[in-house]
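Asks: here is a sequence with its predicted model. Questions after.
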Amino acid sequence: MIETVARWLQESQNAVAFTGAGISTESGIPDFRSPGGIWAQTQPVYFDEFLSSAEARREYWRQKTICYRDFGDAQPNTGHQILAKWEQAGLLQGVITQNIDGLHQRAGSWVVWELHGTALEVMCLDCERRFATEEMTQEYERLGEPPPCPICGGILKHATVSFGQALPADVLASAARAARQSDLFFAIGSSLVVHPAASLPQMAAESGAKLVIINRDETPLDYLAAAIFRESIGEVLAKIDRAISPSFS
């Protein structure tokens with residue numbers, strides 16, 4: 001199937017990739033939902049709790065600081081690099097990602113729809129100014145408290161989508177449009193159970209795209225897939241890349 005998928009990619013006019021935590025675990029970033037991950041060890045702070053309770057905000061910042069330190073130094077891996085290479089070569093329209101680590105951009109991807117936001121920035125909920133997470137994390141560690149907005153004194157929150165918080169409507173709409181218009185859709189490293197994000201591969205397949213799933217475990221959408229790979233994401237993408245005609249490399 002490697003050669004077949006490589007041919008599909010070369011013949012595609014609108015190929016799109018969709019990535020989940022699995023692609024970043026190969027960069028050493030923990031899957032926060034897996035056994036041993038932070039959500040298996042602590043109770044997440046829901047968005048309404050964050051807004052209404054100073055104590056909840058303290059717990060939120062404690063958890064987010066642990067998560068940030070877990071991946072602050074992570075580097076893009078082979079999977080990220082190949083997707084960026086395909087986009088730069090005109091083979092891929094862009095990447096829809098559930099991840100918040102910014103590794104697709106660091107690998108060189110230009111078009112990235114971040115469904116769950118980015119952990120690399122902190123946003124003020126009052127004036128909407130954004131700041132580097134590293135700077136604000138250092139301030140949190142210095143104060144021992146969630147820092148106030150340096151501009152207006154408002155509440156700072158990481159620019160990620162919390163439990164109970166709606167996905168950014170504009171990003172979701174753009175990603176849905178890309179999924180519906182795609183003719184080849186890679187679902188990579190995602191369990192495909194977290195909605196509404198998980199509806200995008202289904203939307204692509206039902207709109208006529210060939211769905212290629214690369215994931216360690218079975219997913220609820222395997223029945224829609226034209227090809228399924230259970231191997232390492234980096235290894236599978238590298239094999240597909242090597243099978244691409246030299247004129248497309």
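Replies: Now that the structure is in, tell me what you want to look at. What you see is a predicted model; the values in this text were computed from it and never measured.
Asks: for the protein, which strand is longest?
Replies: Among all segments of the chain classified by DSSP state E, the strand with the greatest residue count is strand 117-124.
Asks: what average pLDDT does stretch 101-111 get?
Replies: Throughout stretch 101-111, pLDDT has a mean value of 96.
Asks: which residues touch that stretch?
Replies: By C-beta atoms under 8 Å, 6 or more residues apart in numbering, the residues outside stretch 101-111 that reach it are 19, 23-24, 27, 29, 71, 74-77, 80-81, 83-85, 87-88, 93-95, 97, 112, 118-120. Every residue, glycine included, has its C-beta placed from N, CA and C.
Asks: any quick ChimeraX command for the buried ones out of the residues you listed?
Replies: Buried members of the contacts of stretch 101-111, defined by 16 or more other C-beta atoms under 10 Å, are picked up in ChimeraX with:
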select :19,23,24,27,29,71,74,76,77,80,81,83,84,85,87,93,94,95,97,112,118,119,120
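Asks: so for this structure, the centremost residue is which one?
Replies: residue 99 (2.1 Å; C-alpha atoms, centre = their mean).
Asks: not counting its neighbours along the chain, what's nearest it?
Replies: residue 24 (5.4 Å; C-beta to C-beta, 6 or more residues apart in numbering).
Asks: host element of the one you found?
Replies: helix 21-25 (DSSP states H and E).
Asks: which stretches of this structure have low pLDDT?
Replies: Within the chain, the stretches with pLDDT under 70 are 32-41, 247-249.
Asks: what about the nearest residue to residue 207 once chain neighbours are set aside, distance to residue 14?
Replies: Closest residue to residue 207 apart from its sequence neighbours, by C-beta to C-beta, 6+ apart: residue 180 at 4.7 Å. Per C-beta to C-beta, to the nearest Å, residue 180 is found 10 Å from residue 14.
Asks: surely residue 48 is in contact with residue 164?
Replies: Yes: using C-beta atoms under 8 Å, residue 48 is in contact with residue 164, at 5.9 Å.
Asks: distance of residue 134 relative to residue 155?
Replies: Counting by C-beta to C-beta, the gap from residue 134 to residue 155 is 19 Å.
Asks: do the same with residue 29
Replies: 27 Å.
Asks: could you do residue 204 as well?
Replies: Taken as C-beta to C-beta, the span from residue 204 to residue 155 is 37 Å.
Asks: hmm, who's touching the longest helix anywhere in the chain?
Replies: For the chain, the helix that runs over the most residues, judged by DSSP state H, is helix 54-71. Here helix 54-71 makes contact (C-beta under 8 Å, 6+ apart) with 24, 27-30, 32, 38, 42, 44-45, 49-50, 101, 119, 133, 137, 140-141, 145-146, 155, 157-158, 162.
Asks: how about that helix: buried residues?
Replies: Quick answer for helix 54-71 (16+ other C-beta under 10 Å): 56, 57, 59, 60, 61, 63, 64, 65, 67, 68, 70, 71.
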